[in-house]
Each structure stands twice: as structure tokens, then as C-alpha cells.
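>>> let me see the structure of the following:
(2 chains)
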There are 2 protein chains.
Amino acid sequence: MSGDTRTSTSERLLDRRKRLLGPAYRLFFDQPLHLVRGDGVWLYDEDDRPYLDVYNNVAHVGHCHPHVVDALRKQAETLNTHTRYLHETAVEYAARLMEEFPDELDVCMYCCTGSEANELAVRIARAYAGGEGVIVTEHAYHGNTGTLSQLSTTHTYVQRGPEVQTCTAPNSFGGPYRSGDAHLGRKYTAFVEDALRELRTHGIQPAAIFLDTFFSTDGILTAPPDYFHRVVELVRNSGGLFIADEVQSGFGRTGDHMWGFQRYDIVPDIVTLGKPMGNGHPLAAVIVKRHIVERFAEHARYFNTFGGNPVSCAVGMAVLDVMERENLQQNAFVVGGYLKEELGKLQSKHELIGDIRGHGLFIGVELVLNRETLEPASGEAAAIVNDLRNRGVLIGTTGPDENVLKLRPPMVFNRENARQLVDALDAALMEV
Amino acid sequence: MSGDTRTSTSERLLDRRKRLLGPAYRLFFDQPLHLVRGDGVWLYDEDDRPYLDVYNNVAHVGHCHPHVVDALRKQAETLNTHTRYLHETAVEYAARLMEEFPDELDVCMYCCTGSEANELAVRIARAYAGGEGVIVTEHAYHGNTGTLSQLSTTHTYVQRGPEVQTCTAPNSFGGPYRSGDAHLGRKYTAFVEDALRELRTHGIQPAAIFLDTFFSTDGILTAPPDYFHRVVELVRNSGGLFIADEVQSGFGRTGDHMWGFQRYDIVPDIVTLGKPMGNGHPLAAVIVKRHIVERFAEHARYFNTFGGNPVSCAVGMAVLDVMERENLQQNAFVVGGYLKEELGKLQSKHELIGDIRGHGLFIGVELVLNRETLEPASGEAAAIVNDLRNRGVLIGTTGPDENVLKLRPPMVFNRENARQLVDALDAALMEV
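Numbers count the residues shown, from 1 in each chain, chains lettered A, B, ... in the order given. Got it, this is the predicted structure:
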């Protein structure tokens, strides 16, 4: 296909898309990417040009993994129904998931999306605490429903009531308190104290602090070691719960642990799971302590038509199979370590790289115009994302200023893939 | 397998399920059904005993339809990614769906569940109207999120603010105004006038009236012919919108039309689609008029990780293929007509049958203890559901008193299936 024809095909598609899907949708990249197939860490456009996928954590065990597709097909051929009938797969999968959690987190409730899981978590927490107050970070994203838009402070256009209070995320690179300060944990906890005080001032009972344990949208942050313990104790003493949003950081992505909260040696009251759980199939869950959901169940029931259906559960089980067989958590640890090391070498070469953060296969590279003032290099970050796209490497940005390169590939990402990424990034940094 | 072993297998599964999924889940039937496979209108238990499925509208074109499973497998093998890349299937499927709607409804937004679609519809309506007020019927169900629990008046335990007002559904059998009254439409519209007045009293701008056009949870009702026109005009004159929840009644189920709202010759401002759309695969959508979503998009973006992914869209397209090829809307019309006729014969034989309502393959049979007082026969309805389960026929109940037998089989339900249902119901009615 000639370049002209290609352009006009994609442009026609783009026009039809704008017309049919309307004005609320957005596409990645200055020149949108028209994809037709995927395989492992690779995505292919309409000319069969390969792109190294360093962005999509949904295809957790790799795009179109045959074991997952097989499980999907087999169960879809056999039975797909809901949780008001007895079915073994929903029970087996819950049992298998529970093995990955501390004993106290012993109940599994199924949803279809991270938004649904986070909605349910908030409903359960509010019912348990008997109050509406929720604390989130200043640049949080927890989902696309009405309630979750309120809790997603990245949506700056949403009007929030006093029941939503924010705290400054523990950003020891660019935040108000920085590396080297001996009392970082205590100082960042003070923001949560302020939020609790604000709730009290309004006569609002705190229901929960809702934290992505990897602070993905806040810029991919590692909290001071005592931060979570301090914060959670404070909130629990106020009658609220700790909800860990593991939609981004879960399922072994950080390499060292299965879940982000385990990095801080703490047990949340409620954990929410999403994106990677079904390798693209809509599957999510709430994992909760029994005595907490018991209070919710005193009045409420939960039914989700598609949640926990046999097909979704079979797919979820297959994802766990692949993770085990292919040793993917360990792979994230090893390849992530290598990647971070190689990125470190780039940092000494490129002034623009202010900080490299993250663990396993979830890494943030913060770009700054000046290493003293830390002025965000947002335009440069966007230019690099677009330049890398043209070099056949897909990444994104995150953080309040969108100046943090977000590296979050499928978990089958190998050393050679990491090498390709680093070389392409090196070249892009030289051009910018 | 012997009866004893079977019981103990199911009981063990039941125990594990209670432990792992926790106290908020419920099962159908006094003796829960353990299902292992499905095919067309049939479901099979662990002993391969067949059950005629007269309940599950999710398996719209029949359980495990090979064309749908094939489309699922093929696309899952090829690519599964999200709407921030260009992909043909999301656009093609939207175009195909739009053909089924009046021209004014020209934008399609993808979600994974009816709850997500209804959440988005409410967000769009509230953004458009600049107010929070929503009117629902007194026994409505619109979903399982925080906001939708408020709008689901079937959830009697939820505390509602004054922004949610209710109206009495147009029940011409057991409601305050009944068949024979010449001004039914006007009289039932007065309840909506009251609700609007109540919103005004609280200084709340109405955003929408949110109606299931088949009033599924209100007991499966047909509105007086002028009802929707009157109600929608009133609400629009107050600056609000009409959201039609077609999660239950859509996709040709009523036989005469593709969508429930078409039965009243009215065009909603927003339509929500869910359950049957993906034949069990989590797929849902919001169909909306462009100028309405444009106001939402002035500030907001919409992104749903799994919504509109190529696999889900391929499945949705396959469902439409089967509907067309197998002429399923026409089948619903013909078989539904026959079924209603045969149920009419039962009515003259069994005093318990007070009313038979509905259209196509969505029929309600209201059971009453006394045809004058209309005292609901709720216990008898539950007994019949359980008795039919033991006879190998699956139905459910609905309505504020759960005394309406809900008949809502897959759309491939044929005359012979209808015969079997009527005969089993006849026998069950003799026993009760």
C-alpha cells in the first residue's frame, strides 16, 4: 500500500471515528496509530510495521497469549452464565487468587472493570464506616463513574463536595519534602492529618483513604518506608479504612512482590484489582476482609451480571497459569532491574533526565528543564513520546505535569526489548 | 454419580463459595443449580440434566452460539487493545449499531456493563442540564454503583437525597389508575409533574427522567400510548432529558421493534444498552444525540480501558449477524405471540393468574390470590419458580411484590420450547 493510500485510509477511519464515537474520545500520539494485530510485546500497524509495546499493562502476559485465548475459547464454547447459579470456576479462581493475599483478606467479589471494583470498594467502606469522607492524593485517578470522577483529582473540571479531601502524595523528588530529610514519612503523613481535620470540621465521618500504592498518576512514586503505616493507623483511628487500588501495580508488576502494598509490609482493608487481571478481557475484583463486607451485607446485596461469569474466571485463571509457568514476576524483577540500570546510564548523559523511579516493569523517568529548579519538561516529554512512536516504540507520560515518561510494558518484556527501548530513548533524547 | 455424592459435591462447592465470595452474594432457587454447560435455550447441570432456559436474556442469541464464540476467538487471537489507538472494529460496530437508531441518536460510546452505561448517561445528562435531579419509578433498577444504587429504588435500604425523586409507574392492572380509565396517560403523567415540583421545591434542576421502557422491575408494564410523549415533553420543558434504559428491553426482544422506546414512537435523548449486547461478553454502550454529548465534552473526556476494545466489538457485531441471519426479532414476535396466547388459555383455567403482560419474548404473568382485591400471590410465585426448576424449566419473578413470573428466554426460543414451558407451568399451577 502506498503512503498516500495509507494516509487516506487512516484518515477516513479517523473521520468516521470522530463522527460515530463523538467528541469525548481521545487518541494517543500526534499521528494516531492504527493497529491491526498484537503478539507478545509487539503491536503491528496496517502496514505490518512492528511497535515495541512499552505502555500497555492490560496485555499483562503479552498480547494474544495463546494459553489465555484458549481458555477464553474453551469456556465460551461450554458455558457463560452468572453468579446466581453455582459454578466451579468462580469458586476455584477466587480460591487461587486468595492464595496470593494475606490471610485477613479473605473474601473475593467479582466485577468487570477497575471502575466497578473501586465503586464497590467505596460503597463497602462507606457502609462500614457509616460516613462519606474519602481521602485521595492530589493527582489521583480511580475511575470513570460519577463517584469515582469525584475521587479522581486528575479530573480538575469536576466539582467536589467536602466529603472528598486530598493529601499531597509522598514525592521525595519534587514534592515539598525531599530525599535526605530524615522525617519524610512523618511530614507527608501530616497532609493526611490535615485532610482528616478538614473532614471533622465539616462533620463528615471518614470512610477511607484510597491510595494507588504505586502513585501511578501522581508520577510513579515510592513512599518513605514508614508512610503507609503512619497514614493507615491515623485513618483507622478515625474509623476509616485503607483501600489499596492495585489496578495498576498488581499482579507482580513491581517484580519484588505480587501487590504494591506488600512493598510496605502492610495489610489493606480492601484491595481493588483490574486492568491486567484478564489480559484484556474485562475482569476486576474487590478483595476484602470478611468482617468489613459483613457490615455491608447486613443491608445490601451485590450482583453484577457479567462479574464472575465462568468465561471471565477461566481467563483470569489462565493469566495466573502463564505468570507461574513463565515466571513473569521474576522476569519483571530481573529485566526491570536491568532497564533501570541502563536508564541510569542515560541519565548521566542527558541533562533532561531528572529522576528515575519505580520497580520491576513499572518505571517513571521524570524529565526536567533544570536539575536545580526541577522545572517540568512537559513539552519535551510529549515530543519524545511522539518521536519514539515514529521509531517503533510505544510509551506514555504521567504525573501532574505529564513530564514523567511512563514505562509499563507487558510482563514478557525481555532484556533485548529493554535494550531496544533504551537505545531508542537515547536517540530521541538527542533529537529533542 | 450417585445422588448422595452429587449432593455432597454441590454442598462442598456451596460451602466454599460462601466462604470465598462472602455474604453479599445470593443464589437462585431453594436448591441452588450447579451448571456446567449451555447450548441454545438449554442449560445442563452436573448430571447433564437439561434445563429449558426461560430466564436469561444475556445469552441473547442462545448459549454458546458458535458464530459468536468464533468471532470472540478470532479477534482475541489477533488483537485486543483500547480506544486510544485507531481500530476498524470499534468504528464498524458503531456504524452498524447506529443503523438501528433514529438519525438524531448519532453518537456511540462504549462501556463494559449496563451499570457503566447508566453511570455515563447520568453524568452526560447532569452535565447537559447543569443540575442533579433525576426521576425514576418507584421500583426501578438501573445498576450497582453508588449513584445507580440511589437511582435503583428496588434497593430500599439506600438513603436518597432530594435529587432523586420517584414517580408511580403506569401500572394499569394494579396501580392507582386502571384499564378502562379514559385518561390513564394524563393521570400517570401527573406523578412525574409531582416529582418535578418536588425538585423545584428543593431548588434542584432536573437532569433527566430515567426509564426502563419495559418497566421490567416495576412488574413488566405497557404504558398508555400517550404516556411517554406527555412525560418526556414535561421533563424537556423543565430542561431535563429522557434517558431510555434499554438494557433489558433492547435488541429486538419485544418482537415488534428493535428497542422498547420505538413502541411509543418517541426518540430518547440518551439510550443505554447492556446485557444482551455481547451474548454474555461484558459489552454495553451509551447512544446519545451529538449536541448533548458535546456539552459534556466541553470539560470532560471519556475513557474506559476495556470499553470498545476490538474483541468486545467483534462479539457485538457477531450478535447482530446472528440476529439477522436467524431472523430472531421476527422469531420473538411469532413465538412470543403464541406463548402469550397459550398463557391466556392457562389464565381461564387457573384463578391465580391475574394478568398476562409484555410483548415478544419478554412476558410477565402476575399471580394474585384474588382477582378482585389483586392481593399478590408472592409465596405462590416463589413456589412455582422452585417447582419449575425441579421440572427442568428456569424462570424468575419480578415486580414490587415479586408476584410476577418473569419469562425472558434467549431469542432462539421456539414454539416447542414455549409448549414445554406452558405445560410445565400448567402442572406447577395445579400443585401450588
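>>> my guess is A:Ala95 contacts B:Arg16. True?
Yes - counting by Cβ atoms under 8 Å, A:Ala95 does reach B:Arg16; the two are 6.9 Å apart. (C-beta placed from N, C-alpha, C; glycine too.)
>>> contact partners of stretch A:8-28?
A:1, A:32-34, A:46, A:389, A:394, A:396, B:83-86, B:88, B:90-91, B:94-95, B:98, B:106-110, B:288, B:290, B:293-294, B:296-297, B:300-303, B:308 (Cβ atoms under 8 Å, 6 or more residues apart in numbering or on different chains).
>>> give the buried residues for that stretch.
Buried residues in stretch A:8-28, counted by 16 or more other Cβ atoms under 10 Å in any protein chain shown: A:10, A:13, A:17, A:20-25, A:27-28.
>>> do stretch A:419-432 as well
A:420-422, A:424-425, A:428-429, A:432.
>>> in helices, which of those appear?
Among those, the ones falling in helices (DSSP state H) are A:420-422, A:424-425, A:428-429.
>>> show me which pair in the buried residues of stretch A:8-28 is furthest apart.
A:Ser10 and A:Ala24 (21.0 Å; Cβ to Cβ).
>>> show me what the lengthiest helix in chain A is packed up against.
Ranked by residue count and defined by DSSP H, the top helix of chain A is helix A:328-349. Helices and strands touching helix A:328-349, by 3 or more Cβ pairs under 8 Å, 6 or more residues apart in numbering or on different chains; DSSP states H and E, are strand A:353-359, strand A:362-367, helix A:415-431.
>>> now tell me what touches the longest one from outside.
So the one you mean is helix A:415-431. A:41, A:52, A:54, A:334-335, A:338-339, A:342-343, A:346, A:349-350, A:352-353, A:365, A:384, A:387-388, A:391-393, A:395, A:405, A:407, A:409.
>>> and that helix with helix A:328-349, angle?
Here helix A:415-431 points in a direction 30 degrees away from that of helix A:328-349 (axes from the mean of the first three to the mean of the last three Cα atoms, to 10 degrees).
>>> now swap in the shortest one and tell me
Taking the same axes, to 10 degrees, one finds strand A:362-367 and helix A:328-349 inclined to each other by 10 degrees.
>>> and the helix or strand following strand A:362-367, average pLDDT?
Tracing the chain C-terminally past strand A:362-367 and defining elements by DSSP states H and E, one meets helix A:378-390 next. The pLDDT scores in helix A:378-390 average 98.
>>> who's in contact with the residue nearest the centre of chain A?
By Cα atoms, centre = their mean, chain A has its centre lying nearest to A:Gln248, at 1.9 Å. By Cβ under 8 Å, 6+ apart, the residues touching A:Gln248 are A:57, A:212, A:214, A:216, A:260, A:275, A:362, A:408.
>>> now it: how far from chain B?
Distance check for A:Gln248 against chain B: by Cβ to the nearest Cβ, to the nearest Å, it reads 11 Å.
>>> count the residues that sit near the closest residue to A:Pro102 other than its chain neighbours.
Sequence neighbours aside, A:Val267 is the residue nearest to A:Pro102 in space, at 4.8 Å (criterion: Cβ to Cβ, 6 or more residues apart in numbering or on different chains). A:Val267 is flanked by 16 other residues according to other Cβ atoms under 10 Å in any protein chain shown.
>>> mind checking the SS state of A:Val267?
Secondary structure, DSSP: H, G, I helix; E, B strand; the rest coil: A:Val267 is coil.
>>> distance of it from A:Ile287?
Remark: distance between A:Val267 and A:Ile287 (Cβ to Cβ, to the nearest Å) = 11 Å.
>>> between these two, what contacts are shared?
A:Leu105.
>>> just to revisit the earlier point, just checking: which of the contacts of A:Gln248 also lie near chain B?
Contacts with chain B are made by A:Lys275 out of the contacts of A:Gln248, judged by Cβ under 8 Å from any Cβ of the partner chain.
>>> out of the contacts of A:Gln248, which sit inside strands?
The strands, defined by DSSP state E, take in A:212, A:362 from the contacts of A:Gln248.
>>> most surrounded residue in the contacts of A:Gln248?
A:Phe214 (30 neighbours).
>>> strands along the stretch 101-250 of chain A, start to end?
In the stretch 101-250 of chain A, the strands defined using DSSP state E, counting those that start in this stretch lie at A:105-111, A:133-137, A:164-167, A:206-212, A:241-245.
>>> want to throw those into JSON lines with mean pLDDT?
Shown next, in JSON lines, are those (pLDDT from 0 to 100):
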{"stretch": "strand A:105-111", "mean pLDDT": "98"}
{"stretch": "strand A:133-137", "mean pLDDT": "98"}
{"stretch": "strand A:164-167", "mean pLDDT": "98"}
{"stretch": "strand A:206-212", "mean pLDDT": "98"}
{"stretch": "strand A:241-245", "mean pLDDT": "98"}
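>>> up against chain B, what does the stretch 251-400 of chain A have?
A:274-275, A:279-282, A:288, A:290, A:293-294, A:296-297, A:299-309, A:311-312.
>>> go with 6 Å
Within reach of chain B by Cβ under 6 Å from any Cβ of the partner chain, the stretch 251-400 of chain A has these residues: A:275, A:280, A:282, A:293-294, A:297, A:299, A:301-302, A:304-306.
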